[in-house]
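**Q** coordinates only, sequence not included:
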């Protein structure tokens, strides 16, 4: 009793003492505000504080109830959500089952051109069972695989009334999230203010968050030191070292996004899996993490090592043990005893160019000559889409759900299978994985898939870099998630 | 200068502006990757059908020549279209950002001219002295250093030394003039110093030239005071090359603001242009280039006009 009283007093004092306004410097400005349309991460990190989905991610990326207070999967074809009562949109109108159904119908409407439509393409019907229950019926037995999508920004619930009144959601917002959009000065800043109707008691703690857009990292570092901002996204590990932990809180986490070498599996000599696998043996991943990321990153397999429910630890892959002799052996078996020459297309973003240089040096050890083609990002994307490369270096956003992580990349003809990779067993495992509900069985399927992907190597998985937010010592309660979400701003306060 | 002259100049400028815009139009369309590619990135979730629809929606499926004339036709009727990336009207985007860039350019020019002329005159009057050497080194550094480098040094210096100084976070002048000036101080100082270096050199050379003239010697012999001699008799006649260089530099300023606005996180036209080029937001790029081209042409006409004020011998026909 005494302890809970102390906890209560502490909580109240934190809330009372907390200064209401937090200023954050971020690198990129949102490119639109419609939660069903935007793909840019810069938009997502603002919108996830304005809108809610039926589910959300917790601290360890576990799925938690959100606008749905619970869900059931009675069979692999069905998901039933129980919608939370007494939730209001920012304009004060109550959230209803109608809004939920309208939101998903809008996503699925081809006119909307929502990227989330792809997640729900196997949804057969969405219907209200009663005033607070919604049932999703699927065409394929993939209820477990589809579930994490409901926590994404692209699956936010919008107000039917608001949309039908003719509002342009790219410019105006009306969500149920902890903050509402108060001011947006393009090119300068966005101000979010506390939603008085927010359904979680005591949240958000802050009255106001101001996101200031500062494209140059140097400016963000200086603004933080100068106390023009309370918190800033810092990308380079070397810059993070400028901030002593006595005066600053450094929030850090390895991202789900992973660096990779993508390979065009139809071009010679990469049409031979032995050649691709030789690269696995010839690349020293630890050396890349050490030299490019200054040690701030983790070597990754096909799934991020922190997702223990699915990932095979990188140590388990024989191919990851640096072994140039074995690499040469494989090349000799494939008919390239004296190596070969190929090009790596990449851009200067996120240190891709530096990763390419290290790889160039490492592959030279086994007689493979790498030519680096450094191109502008727009050109990179065009060549990526058209599979116009021998190999490329880039980053893919990861997921905690293996189906989302693998299916579109590695399924024959998959929407992002730019590697033109095709393997019947991989296809089979991908279908099996998404249609199985039993977690244990799924784990076996995806373990086999991960081993096969490393052996077949349409992609050489490299590492996941750490991300950083540095804040003034007074900023507390914030947590950084591996999916780079800023959802914990609702629990953040200033002492 | 007659009204006829001005009208003729404007008329002659039209093809120049059109040519500039056409060149930019061709250049940006030659660069691979469209706005749709940039939207999709490497995490493409859209189906081929959805992608095709986007191309149609943005009119990117039409031949280039058709796209150009469609844009030109709309622009002539003051319809600048909407940004492909944000859906906002381009004219509104430009008008929101223009004041920031104009203020930056104006403040930079004030700094550059004041400092440049004072230092240039001092350098000429005190020719071959220690002060002259220092000023020459200063202008050499200014000319040879890139703007982002000088700006970065200022940021590091000021963020460490003057904690109370509001470096970042642009505040519009009508919200709080003092804070606006604070946030504008370093960016305009950076650009101002760079242009100042050129002006110092030209002022020095031009002043030296004038000071050698016979009429200066006559004035001196007549007992005109030193101050009056330098500022009234010499400087006024030395101004024409300075005005020319200032005009050219003002044109360069537009380029300089792209880098500086990005560095100091100012929401100006330069930063908008950079963003639009990166995202292949064609209507925004084309309209900004059109605006800038018109501004530079207008500036040239204005400079010609200033010549006539400075030197009655210059006649515009």
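**A** All right, it came through fine. This one's a predicted model, so the numbers in the text were calculated from it and none came from an experiment.
**Q** How about the secondary structure of residue A:294?
**A** The three-state label given to residue A:294 by DSSP: H, G, I helix; E, B strand; the rest coil is coil.
**Q** same deal with residue B:170?
**A** For residue B:170, the assignment made with three-state DSSP gives coil.
**Q** Return the residues in contact with residue 246.
**A** Because you didn't say which chain, this covers chain A. residue A:473 (Cβ atoms under 8 Å, 6 or more residues apart in numbering or on different chains). From N, CA and C alone the C-beta is placed, and that goes for glycine too.
**Q** nope, chain B
**A** B:109, B:112, B:113, B:195, B:199, B:303.
**Q** backbone phi and psi for the residue in the stretch 1-150 of chain A positioned nearest to chain B, please?
**A** Closest approach of the stretch 1-150 of chain A to chain B (Cβ to the nearest Cβ) occurs at residue A:115, with a separation of 3.8 Å. Torsion angles at residue A:115 (phi, psi; degrees, to the nearest 10) stand at phi -60, psi -20.
**Q** Tell me which stretches of the stretch 151-300 of chain B form strands.
**A** Secondary structure of the stretch 151-300 of chain B by DSSP state E, counting those that start in this stretch: no strands are present.
**Q** How about the stretch 301-450 of chain A?
**A** With DSSP E, counting those that start in this stretch as the criterion, the stretch 301-450 of chain A has strands spanning A:341-346, A:369-374, A:391-396.
**Q** can I get these in CSV with mean neighbour count and mean pLDDT?
**A** Below are these laid out as CSV (neighbours: other Cβ atoms under 10 Å in any protein chain shown; pLDDT from 0 to 100):
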stretch, mean neighbour count, mean pLDDT
strand A:341-346, 20, 96
strand A:369-374, 15, 96
strand A:391-396, 23, 94
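**Q** Looking at those strands, which is nearest to chain B?
**A** In terms of Cβ to the nearest Cβ, the element of these nearest to chain B is strand A:391-396, at 5.7 Å.
**Q** The closest one near chain B anywhere?
**A** Yes. Judged by Cβ under 8 Å from any Cβ of the partner chain, strand A:391-396 comes into contact with chain B at A:394, A:395, A:396.
**Q** Just to check, the second one is in contact with residue A:350?
**A** To tie it back to what came earlier, the one meant is residue A:395. Yes. Judged on Cβ atoms under 8 Å, residue A:395 makes contact with residue A:350 at a distance of 5.8 Å.
**Q** Show the low-confidence segments of the chain, by residue range.
**A** Just so you know, I chose chain A. Along chain A, the model assigns pLDDT under 70 to residues A:1-19.
**Q** That was the other one, I meant chain B.
**A** B:1-2, B:44-45, B:163-164, B:255, B:315-317.
**Q** At which residues are the helices of it located?
**A** Ranges of helices within chain B are B:3-30, B:35-40, B:48-57, B:64-76, B:90-125, B:130-144, B:147-161, B:177-211, B:214-221, B:226-227, B:236-263, B:269-279, B:282-310, based on DSSP state H.
**Q** ok, which residues in the stretch 251-400 of chain A are in contact with chain B?
**A** When proximity is defined by Cβ under 8 Å from any Cβ, the stretch 251-400 of chain A lies next to chain B at A:376-385, A:394-397.
**Q** ok, of those, which one's closest to residue B:244?
**A** Within these, proximity to residue B:244 (Cβ to Cβ) peaks at residue A:376, which comes in at 36.1 Å.
**Q** Next one: that closest one from residue B:277, what distance?
**A** According to Cβ to Cβ, to the nearest Å, residue A:376 stands 10 Å off from residue B:277.
**Q** Please say which of these two ends up with more neighbours.
**A** The neighbour count for residue A:376 versus residue B:277, taken as other Cβ atoms under 10 Å in any protein chain shown, is higher for residue B:277 (20 against 16).
**Q** how close does the residue lying closest to the more buried one once chain neighbours are set aside get to chain A?
**A** Closest residue in space to residue B:277, ignoring its immediate chain neighbours: residue B:285 at 5.7 Å, by Cβ to Cβ, 6 or more residues apart in numbering or on different chains. To chain A, residue B:285 is 12 Å away according to Cβ to the nearest Cβ, to the nearest Å.
**Q** give me the number of residues near residue B:285?
**A** The tally of other residues near residue B:285 (other Cβ under 10 Å) stands at 23.
**Q** wouldn't it be in contact with residue B:276 here?
**A** Yes. Residue B:285 is in contact with residue B:276 according to Cβ under 8 Å; the separation is 4.7 Å.
**Q** wait, what's in contact with the nearest residue to residue B:112 once chain neighbours are set aside?
**A** Nearest residue to residue B:112, sequence neighbours excluded (Cβ to Cβ, 6+ apart): residue B:195, at 3.8 Å. Listed by Cβ under 8 Å, 6+ apart, the contact set of residue B:195 reads B:108, B:109, B:112, B:116, B:246, B:249, B:252, B:253.
**Q** Could you double-check that the second one lies in contact with residue B:198?
**A** No. Contact criterion Cβ under 8 Å: residue B:109 and residue B:198 do not qualify, at 12.0 Å.
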